[in-house]
Every structure is written in structure tokens, then in C-alpha cells.
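Participant: Sequence plus predicted model, see below.
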Amino acid sequence: MRDDPAEAETISQRLMMRAGLIRKLTSGVYSYLPLGFTVLNKVINVVREEMNRAGAQEILMPVLQPSELWQETGRLDAFGDLMCKFKDRFGRVNILGPTHEEVVTNIVRNEINSYRQLPFTLYQIQVKFRDEIRPRFGVIRSREFLMKDAYSFDVDAAGMGKSYDAMYDAYCRIFSRCGLKYTAVEADTGLIGGDVSHEFMVPSPSGEDQMVKCEKCGYAANKEKAECVVVEQRTDERHLPIKDVATPNCITVDDVAKCLKVKPSLILKTLIYKADKEYLAVLVRGDIEVNINKLVRATGLPHLELADGKDVEKVTGAPFGSCGPVGLKVKNIADNSVKDMVNFIVGANKRDYHTINVNLGRDFDADIFADIRYAVAGDPCPKCGSPIEFSNGIEVGHVFKLGTKYSEKMKALYQDESGATHPMQMGCYGIGVNRIIAAAIENSNDENGIIWPPEIAPYKAVIVSINPKDKKVADTSENIHNILVDAGIETLWDDRDLTAGVKFKDADLVGIPIRLTIGAKTLENGTVDIKLRNRKEQKSVKISSILEEVEKIKNQK
């Protein structure tokens, strides 16, 4: 494509479409054209080689899954509208698999019954479906995508830890071979579950995920997981008399702060959450946001959601924006940062009023204190205390220590030496194969197009024939092409009857690492011009030395 597609939001989406790698079929669904499919297979080969090297065994599980398996683990409802479901002609609910924990656990529970058969790791490379509410960024967030997912089974936690480490190391090799600049960060386990997980993130302004990092000690986590520590700020400030003040039409923290001429950090937000029929008041400082994942972990209530206006008034007697903890009859949980607040402002539990000079211990008490907020730039590192920094990234891989979450619920059990039965210890390991391509492009490009990492480039070399109607040019080009291909060097021959400028632009756009230019002028000297995609200069090489020169370049790290 000569021009940038109007719909393209990111560099990778723009270049993948312009270079002829993909074409959009519908929202979040893409076809891979010849160049794109070649790159996709290159990535698959790297993934497969490293998974096999790590001792995993490849299988293939169905995309179509019966909903009954998901009912066993309780995840049928947890995935909600993200899951693609339909009824077959018999009225049975089926799922287009967003992931395969249930299916693989079902296989293993029917095949494995003894400790002698453990440990092992199974993996597949398979299509997944997730009905994203807003597919975007090309293949970075699509509804249909290709994933490598692996599952380890062990007799105990120590064994599972070894399997986890083996997969972690394999992921490092995969991403390094694919030329990615990646960071492994501590991560939240989300809908997959488990106790420990790490995401592999590729820094990119286009990334939807945020990473928290400490440059001093190397601590790294995603925004959902990043631990927040409170630096104690004890104060001898005298507790002032509590007082209700009018705040007409003030709903947001900013509204109240502007009305009362205070900083948002002096305001305490009271948010009402609901889990089934239970209500909970969540208290956080006005300048920070609640982290729902931390809140779920702190409360043990998996189905928490913000209460609607009707429920808020039922619990507090006031509408949104006027709620406060004083006098509330429901359990409350406060973020740790609330402990040091003095003479702060809360909703008065009556419309258009707030209460000033509120203090913990005197006016109300928190039932639970916990870290339930998102970190913000400048917060102290939880490991060394230095200020943390934020950056955006693309998640390309995620590894989980699942423990017995699935094996207990689905009765994937084994017998030990004494005949006693135990649930298997599991790990889960996913790689977004399509995302590796996008992340590589986001990492490596210039104003002219893609600069492929050598291992996943669609071709190692491209021959550009200047005026291919010239028989000597055509014959020499074909001869060099055949020499390179016979030597195992994947080579594209551009023999189109187009101007040199167009061909050079296309070669740069597609991003093949080595460009060989053959024309009447070069042949007069018995040479070929060689240029590397990631360098500006080019040099002339004798035709007789082409294979040796290309091999030398190809083998350079």
C-alpha cells in the first residue's frame, strides 16, 4: 500500500498493512497474506523449537469446547461477555475457546493416575477467541488470535516450581531469538488464577499495559500487580472539630476540591461495592484509584462490582459524590494511605454536603487496612525505596503457577507411593504468537518501514533487478538467486518491471535484512551492490564472492 491506512492506530498496524502482511476482514479479525504468513511461521518455528528443547510435548486441542467443563471450574460466568458462546442444533451451549485450562485438565485426569507418570508439560499452538469490547491496534488486541499455551503437571509445589522455571527460561530464549527487547515483570493472575505469575513485556508507546520499574534495584511489575508501600508521615496536627459544609452540585473529587479550595489528597473517597447481596465501603484518598484486583485479593470476594445509584442510596442515604464512612452500617476497607490522613474531608451522607475535619479513630474506624490502590509515578519502590517509573508495554507472554486451582475442582488426581490421592500441581504458560510480530515491528522500524530481526524476517535477502528486461541482468539475478537458495538462504527476487526507486522503497518497507542490487552498471564492473536494511551505506562486491559475503553478513550477531 502506498499510503497509510486510515484505521491504523499504531506503527505495527500501519506497517503490517502497508507491507502486505495482513488484511482486515472485520473488526479484530485479520487474514495473513504470503509475507505475513511466512513471518508467522518463522515465529511458530522458534516457539516450537524452544518448547521442545525445554522438554514439553506438543498436542492439539479443539477450539470448540463444551460449556460443562467451564461450569466445573466456575469460570463460565467469570469470563462474561469476553467469551464467544453459541448453542448447537441440540441446544447445548458450546464455547470457542479463549484458553484451554479446562480441556487439558480433562485430558490429564482421564489419562494419568500415578506419581510415576509425572511430571510432564504439554503445549499447543492454536487459535483462540475472545470477544473484545474494543479490538484495536491490529493484531495486538484482536478477537481471533494465535497462542502457544502450555500446561505443566507435577506431584508437588517444588516440582511445579522447576517446571515454571524451565518455561520461564524457554520464554527468555524465544523472545531473544525473535529480537525483542523485553522485560519480565511480576503480574496479577487475573481470570487464569494461581499465586505467582510473570508477564513478558515489550516496551512500546503503543502498549496498552503499563509497567512499573525501579531503575536502581531492577524491581518490575505490571500496574495491576505493583505493590504500594506507605511512607509514614506522622503529624502532631491537632484534630479539629467535625463540621458539615454545603457543597452544591459537587459530585467528583475535583468538584469538591475546587469548592473547598483544598488538594484532592485531603479528600477521602467512599466507594460502595457489591458482591452478591453483600455491600462494602471502600475508602481511598482522593488523588488515587482503587485497584479492583488488589481489592478482590484483600477481601476474598471474587465478584465485586461497583454498586449502582439505587444501591448507593440504599446503603448511605445519599447519591454518588456525597457518600462518607461516618455512621455507615456496612463493613469498610481502607487503603493503607488513609492511616496518616488528618482532618480530611468525606461525604456527609446527605445530598450536596461534605464533612470536614474527619479523623480515624475519633469519627469512624476502618475494619480492614490493605494495599488496594494503583501505584503512581514517584511512589517508593517496595524493594529499595527509590522512586518508581512507569512505561507502556505490549504483553507477549505470561506464565502462571496455578497450584491446584483446576486439579482440585476437576479431580485431576494421582496416587503416591502409599496409595493416597493428591491433586496435581499445575502451571500455565501462554505466548501471543501474533503479538510477537507486532512487538518486533514496534521495536524495530524507521521512517521507511520495517527492520526485521534476522530470525523472523520473511526472507534473509532480496535481489532487486534494475531493468529486468535486460537479459544479462535477468540471467545474473536468477543465477545469484539460485546460488543463495541452494545454500539455504531464503531469497526473494524482485523482477517486477518497475523503477528502481519504487523497488528500493518497497524493499525498505518490507524490511528484508540484506538487499542485493543488480543492474547494467554494476555488471559492467562484475559486481553487485549490497546494502543492509539497518544501515545507510552500501558496498560493491564481486559476483564471485556474493555467497561468501551474504553468509558472513547472515552469521553476524
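Facilitator: Right, received. Where do you want to start?

Participant: Confirm that residue 434 sits in a strand.
Facilitator: No: assessed with DSSP: H, G, I helix; E, B strand; the rest coil, residue 434 is helix; it does not lie in a strand.

Participant: tally of neighbours for it?
Facilitator: Residue 434: 24 surrounding residues under other C-beta atoms under 10 Å. Yep, even glycine has a C-beta here, placed from its N, CA and C like the rest.

Participant: Residue 329 now?
Facilitator: For residue 329, the tally of surrounding residues (other C-beta under 10 Å) stands at 8.

Participant: What are the structural domain limits within this structure?
Facilitator: Following automatic domain parsing, the chain resolves into domains at 11-182+398-441, 243-370, 459-555.

Participant: So what does the residue most central in space within the chain have for phi and psi?
Facilitator: Nearest residue to the geometric centre of the chain (C-alpha atoms, centre = their mean): residue 395, 2.6 Å. The phi/psi pair for residue 395 (degrees, to the nearest 10) reads phi -80, psi 120.

Participant: Looks like it contacts residue 200 (just checking).
Facilitator: Yes: when contacts are counted by C-beta atoms under 8 Å, residue 395 is listed as touching residue 200 (7.2 Å).

Participant: Tell me which residues of the lowest-mean-pLDDT helix or strand in the chain come out buried.
Facilitator: The weakest-scoring helix or strand in the chain, judged by mean pLDDT, DSSP states H and E, is helix 75-78 (a mean of 86). Using 16 or more other C-beta atoms under 10 Å as the test for burial, helix 75-78 gives 75, 76.

Participant: CA atoms of the helix or strand following that helix as CSV?
Facilitator: Following helix 75-78 in sequence order, the next helix or strand is strand 84-87 (DSSP states H and E). This file holds the C-alpha atoms of strand 84-87, laid out as CSV (Å, rounded to 0.1, in the frame of the first residue of the first chain):
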residue,chain,number,x,y,z
CYS,A,84,-17.8,-16.5,22.5
LYS,A,85,-20.7,-18.9,23.2
PHE,A,86,-23.3,-20.4,21.0
LYS,A,87,-25.9,-23.2,21.0
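
Participant: chain center to the helix or strand just after strand 84-87: distance?
Facilitator: Sequence order places strand 93-96 as the next helix or strand after strand 84-87, per DSSP H and E. Relative to its chain's centre, strand 93-96 lies at 25 Å (C-alpha atoms, centre = their mean, to the nearest Å).

Participant: Which element is encountered next along the chain beyond strand 93-96?
Facilitator: Assigned by DSSP H and E, the successor of strand 93-96 is helix 101-111.

Participant: tell me what that next one is packed against?
Facilitator: helix 67-73, strand 120-129, strand 144-154, helix 405-410 (3 or more C-beta pairs under 8 Å, 6 or more residues apart in numbering; DSSP states H and E).

Participant: That one vs strand 120-129, what angle?
Facilitator: Computed by axes from the mean of the first three to the mean of the last three C-alpha atoms, to 10 degrees, the angle separating helix 101-111 from strand 120-129 equals 140 degrees.

Participant: And the strands in the stretch 451-557 of the chain?
Facilitator: Per DSSP state E, counting those that start in this stretch, the stretch 451-557 of the chain carries strands over the ranges 461-465, 491-494, 514-518, 527-532, 538-542.

Participant: Give me the sheet partners of the fourth one and which way each runs.
Facilitator: In the sheet containing strand 527-532, its partner strands are strand 514-518 (antiparallel), strand 538-542 (antiparallel), by DSSP bridges.

Participant: Please identify the most buried of those.
Facilitator: Most buried of those, by mean neighbour count (mean count of other C-beta atoms under 10 Å): strand 514-518, with a mean of 25.

Participant: Can you tell me what sits against that one?
Facilitator: 460-466, 473, 476-477, 480, 500, 504, 507, 528-533, 538, 546, 550, 553-554 (C-beta atoms under 8 Å, 6 or more residues apart in numbering).

Participant: Try it again at 6 Å.
Facilitator: If you take C-beta atoms under 6 Å, 6 or more residues apart in numbering as the criterion, strand 514-518 is touched by 461-465, 473, 476-477, 507, 528-531, 553.

Participant: and the residue of the chain positioned farthest from its centre, how far is that from residue 504?
Facilitator: No residue in the chain sits farther from the centre than residue 524, which is 53.4 Å out by C-alpha atoms, centre = their mean. Distance from residue 524 to residue 504, counting by C-beta to C-beta, to the nearest Å: 20 Å.

Participant: quick check: mean pLDDT across stretch 83-98?
Facilitator: Average pLDDT, stretch 83-98: 95.

Participant: And stretch 313-333, by the same measure?
Facilitator: Mean predicted lDDT for stretch 313-333 stands at 93.

Participant: give me the low-pLDDT residue ranges for the stretch 201-350 of the chain?
Facilitator: Scanning the stretch 201-350 of the chain for pLDDT under 70 picks out 232-235.

Participant: Could you pull out the helices in it for me?
Facilitator: In the stretch 201-350 of the chain, the helices defined using DSSP state H, counting those that start in this stretch lie at 253-260, 292-299, 309-316.

Participant: and residue 404, which of the ones you listed is closest to it?
Facilitator: With C-beta to C-beta, the closest approach to residue 404 among the helices of the stretch 201-350 of the chain belongs to helix 292-299: 17.9 Å.

Participant: rewinding a little: mind putting the strands paired with strand 527-532 into JSON lines with distance to residue 341 and mean pLDDT?
Facilitator: Listed next are the strands paired with strand 527-532 as JSON lines, based on distance: least, C-beta to C-beta, whole Å; pLDDT from 0 to 100:
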{"stretch": "strand 514-518", "distance to residue 341": "63", "mean pLDDT": "96"}
{"stretch": "strand 538-542", "distance to residue 341": "65", "mean pLDDT": "93"}
